[in-house]
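Undergrad: Return atomic coordinates for the entry below.
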Amino acid sequence: MPRVRVLHRSDSFGRELRVAEHIRKELIDVIRRKMRDPRVSSAEISITEVLVTRDISIADVFVRHADLSESTEKEKLIEVFERAAGFLRSELAQRLAMRNTPQLRFHYDDMEEVGHRMDTLIDKAMARESLSERVPLE
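TA: Numbering: from 1, shown residues only. Presented below is the predicted three-dimensional model:
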């Protein structure tokens with residue numbers, strides 16, 4: 001399930017959440033239908049999270065590609081999105097009923113890999129702890 005958050009804590013963040021989710025959905029559509037770059041028009045690209053500032057002037061977009069493992073490939077993917085940011089922003093401006101369209105900043109979402117590494121470390125620590133409990137101390 002995609003994550004949508006805002007960059008601040010407030011009681012009046014409903015609008016920011018709605019805008020972030022709308023941006024995420026529209027960007028997915030634009031990337032799949034209008035971008036001609038084969039590196040980003042494939043189905044393996046997903047937008048996992050959009051963070052918007054309180055004034056909705058900036059949207060941080062977190063993207064992921066199912067087949068990328070090398071950090072240089074991830075950096076190249078982000079460069080492609082950064083070069084296309086103007087095009088994507090103009091497409092969003094046509095689709096969003098807003099006075100101003102937020103500036104788009106792209107980031108690679110590597111939280112899944114970080115989560116797997118954390119799980120592995122926790123499992124190793126738990127195994128070590130259970131081994132030390134089994135060894136009798138003299």
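Undergrad: count of neighbours near Arg32?
TA: By other CB atoms under 10 Å, 13 other residues sit near Arg32. (Each C-beta comes from the backbone N, C-alpha and C, glycine too.)
Undergrad: What distance do you get for it to Arg128?
TA: For Arg32, the distance to Arg128 (CB to CB, to the nearest Å) stands at 46 Å.
Undergrad: where along the chain do the helices fall?
TA: Ranges of helices in the chain, per DSSP state H, are 14-33, 71-83, 85-95, 111-134.
Undergrad: In space, what's closest to Asp60 - neighbours in sequence excluded?
TA: Nearest residue to Asp60, sequence neighbours excluded (CB to CB, 6 or more residues apart in numbering): Leu51, at 4.3 Å.
Undergrad: State the distance from that neighbour to Phe87.
TA: Separation of Leu51 from Phe87 (CB to CB): 21 Å.
Undergrad: Look at these two and report which has more neighbours.
TA: Neighbours per residue (other CB under 10 Å) separate Leu51 from Phe87, with Leu51 holding more: 19 against 12.
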